[in-house]
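Asker: just need the structure, nothing else, for what follows:
(one chain, ligands or ions: 2)
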Amino acid sequence: MEIKVMQNVLKANDVFAENTTELLKTKGVRLFNLIGSPGAGKTSVLELMIPLLKDKGARIAVIEGDCATARDAQRIATLDVPVVQINTGNGCHLDASQVGKVLGEFSLDALDMVIIENVGNLVCPTGFDLGADEKIAIISVTEGDDKPLKYPRIFHEAKAVILTKIDLIPYTNFSLQRFTDALRSIRQDQELFLLSCTTGEGSDPLVERFWP
Ligand SMILES: Nc1nc2c(ncn2[C@@H]2O[C@H](COP(=O)(O)OP(=O)(O)OP(=O)(O)O)[C@@H](O)[C@H]2O)c(=O)[nH]1
Ligand SMILES: [Mg+2]
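Answerer: Ligands and ions are numbered 1, 2, ... in the order given. Below is the predicted model:
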């Protein structure tokens with residue numbers, strides 16, 4: 001019985017997600033779904049990347065997902081891009097109906113891309129399709145190099161993975177080789193971007209990836 005309810009929820013979610021995909025296709029707007037653990041550096045990646053993308057002419061809006069507060073939206077608002085914060089309460093992920101409603105608040109004709117920062121969580125957001133063109137996994141050095149093995153689904157679904165906080169590698173037991181091996185054991189064609197939001201190292205290829 002419980003399984004049946006879950007199936008219905010996911011089915012309803014998929015209908016909203018399909019509507020979003022259709023709408024954004026019509027408008028020529030790309031949608032990215034950033035997924036990573038609490039504190040992985042998702043907002044920091046946006047803070048680093050958005051000014052660089054804007055300099056190249058990209059018109060961007062952001063949807064922030066958090067259980068509580070508008071802290072991340074406030075950080076993004078200082079970059080002078082449209083941003084809406086969704087608070088999920090106890091919810092551990094965003095769903096497609098929430099995203100669909102927020103998209104209605106943006107002037108889509110004036111945008112090239114919308115970036116969603118999902119609720120900090122490496123598991124639940126992966127199961128809920130938001131109608132995005134792609135999921136991007138964000139994982140930080142301090143989480144450990146074994147995480148792709150332990151939480152494989154996001155690393156299987158995300159074609160691009162951003163490894164953040166590489167400036168901290170010398171201070172941890174993180175092995176880039178072990179991490180890369182773990183990733184490759186899950187998906188061979190993964191694009192891996194090494195990034196430090198503190199020093200800016202690694203930002204150029206990432207900008208190129210988002211805005212060729
Ligand atoms: N050393 C270092 N610290 C970083 C880097 N990126 C982010 N941080 C720090 O990591 C902490 C968490 O960063 P956030 O960007 O808030 O992480 P988040 O994933 O958005 O967090 P939630 O939205 O709460 O899930 C902050 O103190 C950042 O300054 C990095 O590349 N290097
Ligand atoms: Mg954040």
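Asker: from now on I want contacts and neighbour counts done on CA atoms only, so please keep to that.
Answerer: Noted.
Asker: tell me which other helices or strands the helix or strand bottoming out on mean pLDDT in the chain touches.
Answerer: Every helix and strand of the chain was ranked by mean pLDDT, DSSP states H and E. The lowest is helix 2-27, at a mean of 87. If contacts are counted by 3 or more Cα pairs under 8 Å, 6 or more residues apart in numbering; DSSP states H and E, helix 2-27 sits against helix 96-103.
Asker: what ranges does this protein have for its strands?
Answerer: For the chain, the strands defined by DSSP state E occupy 30-36, 60-66, 83-87, 113-117, 134-140, 160-164, 191-194.
Asker: mind checking which of the ones you listed is nearest ligand 1?
Answerer: strand 160-164 (5.0 Å; Cα to the nearest ligand atom).
Asker: tell me the angle of that closest one relative to strand 30-36?
Answerer: 50 degrees (axes from the mean of the first three to the mean of the last three Cα atoms, to 10 degrees).
Asker: surely residue 61 touches residue 85?
Answerer: No: in this structure residue 61 lies outside contact range of residue 85 using Cα atoms under 8 Å: 11.4 Å.
Asker: one step back: quick one: buried residues of the least confident helix or strand of the chain?
Answerer: 13-17, 19-21, 23-24 (16 or more other Cα atoms under 10 Å).
Asker: repeat for stretch 174-189
Answerer: 174, 176, 179, 181-183, 186-187.
Asker: so which of the residues you listed are in helices?
Answerer: The helices, defined by DSSP state H, take in 176, 179, 181-183, 186 from those.
Asker: which residues of this protein lie near ligand 1?
Answerer: Counting by Cα under 6 Å from any ligand atom, the positions of the chain adjacent to ligand 1 are 37-44, 120, 164-165, 167-168, 196-198.
Asker: quick one: which of residue 61 and residue 85 has more around it?
Answerer: Set side by side, residue 61 and residue 85 show more neighbours around residue 61, with 25 against 20, by other Cα atoms under 10 Å.
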